[in-house]
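# structural data only, the sequence is not supplied:
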């Protein structure tokens with residue numbers, strides 16, 4: 001299993017998790033704020049995340065991913081909230097037998113602000129071990145478009161994505177904030193996003209189905225009645241030469257169920273099922289929800 005195929009789907013893992021606000025965590029404050037200041041100077045002098053008044057709200061979501069009946073991946077999502085800005089941190093790491101055979105441990109963070117027509121990403125970073133190497137990515141956003149600052153190691157056996165195709169795109173985690181905002185203001189999950197992570201370009205779309213009961217399963221205590229959101233993710237650029245491009249281009253469908261499980265908080269995703277080229281039909285179960293956890297996520 002290669003976790004890079006999960007990233008666009010993880011981007012909508014928290015589709016209705018939080019209201020439109022978040023703030024960079026203190027552990028990464030210096031690096032994130034530096035990127036915010038650099039990009040902000042080129043974006044009409046708008047106020048930066050990290051300068052907002054108030055302590056903000058911090059919610060952590062922990063998930064277990066199962067494929068072919070086996071627990072193969074753990075995912076932890078940390079979000080910090082202020083009224084104007086967002087920060088999303090996501091760590092995914094392999095576990096169990098797969099973790100010994102194909103180790104992956106990657107932490108990604110995105111910061112940005114909310115604007116009238118959606119989100120304005122500021123910086124996206126990703127660092128960790130994946131596909132047999134230590135990998136690092138840094139994207140800054142200038143005039144709403146991504147600029148690749150760091151992308152290591154080089155991947156000459158991958159089709160490069162023409163930068164003109166990435167205009168108006170967002171990183172995987174800003175897509176969370178964008179869709180969260182749509183759900184929060186409209187109580188629906190209809191939306192679309194063009195996602196660029198520095199290597200791959202992916203089209204993601206979601207649609208509201210309605211209220212229904214979460215399928216019963218002993219691997220999670222979170223269930224009951226929830227809003228069902230169906231989505232489709234399709235890779236459209238950045239293919240590896242040694243992969244079956246036709247297979248990678250096939251749309252991957254899925255379903256997320258979201259419900260209010262924290263007093264006074266918006267709906268949280270309690271179950272996500274989706275197609276994956278490596279895992280077939282995979283399922284993510286919410287295993288824990290924490291507010292103001294003591295330690296950083298991941």
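Received the coordinates, thanks. Quick caveat, the model's predicted, so the values are computed rather than measured.

# measure stretch 71-90 end to end?
Length of stretch 71-90, first residue to last, C-alpha to C-alpha, to the nearest Å: 18 Å.

# any idea how far that stretch is from the chain center?
When distances are taken as C-alpha atoms, centre = their mean, to the nearest Å, stretch 71-90 is centred 8 Å away from the chain's centroid.

# for stretch 232-244, same thing?
Here stretch 232-244 is found 18 Å from its chain centre; the criterion is C-alpha atoms, centre = their mean.

# wait, doesn't residue 279 sit right on residue 68?
Yes: the criterion here is C-beta atoms under 8 Å, and residue 279 meets it with residue 68 at 6.6 Å. For every residue, glycine as well, the C-beta is placed using N, CA and C.

# higher neighbour count, these two?
Counted by other C-beta atoms under 10 Å, residue 279 and residue 68 do not tie: residue 279 has more neighbours, with 20 against 11.

# tell me the confidence at that one?
The score at residue 279 is 73. That number is its pLDDT.

# pull up the gap between it and residue 66, please.
Relative to residue 66, residue 279 is positioned 9 Å away (C-beta to C-beta, to the nearest Å).

# between these two, what contacts are shared?
Shared contacts of residue 279 and residue 66 (C-beta atoms under 8 Å, 6 or more residues apart in numbering): residue 72.

# next structured bit after the worst-scoring helix or strand of the chain on mean pLDDT?
Across the helices and strands of the chain, the lowest-confidence element by mean pLDDT, DSSP states H and E is helix 29-40, at a mean of 37. Counting by DSSP states H and E, the element after helix 29-40 in chain order, helix or strand, is strand 57-67.

# centre of the chain versus the helix or strand following that following strand, how much separation?
Using DSSP H and E, the helix or strand that follows strand 57-67 in sequence is strand 70-81. Relative to its parent chain, strand 70-81 has a centroid offset of 10 Å by C-alpha atoms, centre = their mean.
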